[in-house]
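Engineer: make a model of this:
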Amino acid sequence: MGAENLRKPQIETTIQQALDEHEARTEVTADMVLKQWAKMAFADIKDVVTSENGDYNLVRSIDFL
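Structural biologist: From the prediction side, this is the model:
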């Protein structure tokens, strides 16, 4: 029933409008989020922290990757 409703043009349009409004309000797209997640997932940890004698120190914030 849910999948069937999602194929109805009026419901599909309403959902898309809500998504567009959310994107405009937050200025964040799903693509932006996925790209940032990919940067973090595939980052070299040595670019972010160093380890000396078992202590870890932040070298650079992950935000700048």
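Engineer: now the spatially most central residue of the chain: how far from residue 19?
Structural biologist: When Cα atoms, centre = their mean is applied to the chain, the residue found nearest the centroid is residue 33 (2.0 Å). Here residue 33 is placed at a distance of 13 Å from residue 19 (Cβ to Cβ, to the nearest Å). All C-beta spots, glycine's among them, are computed from the backbone N, C-alpha and C.
Engineer: tell me which element residue 57 falls in.
Structural biologist: For residue 57, the enclosing helix or strand under DSSP states H and E is strand 55-58.
Engineer: ditto for residue 39
Structural biologist: With DSSP H and E as the test, residue 39 turns up in helix 30-41.
Engineer: neighbouring contacts of the next helix or strand after that helix?
Structural biologist: The C-terminal neighbour of helix 30-41 among helices and strands, as given by DSSP H and E, is strand 49-52. When contacts are defined by Cβ atoms under 8 Å, 6 or more residues apart in numbering, strand 49-52 is touched by residues 56, 57, 58, 59.
Engineer: and which of those residues is nearest residue 2?
Structural biologist: Checking the contacts of strand 49-52 against residue 2 with Cβ to Cβ, the nearest one is residue 58 at 44.5 Å.
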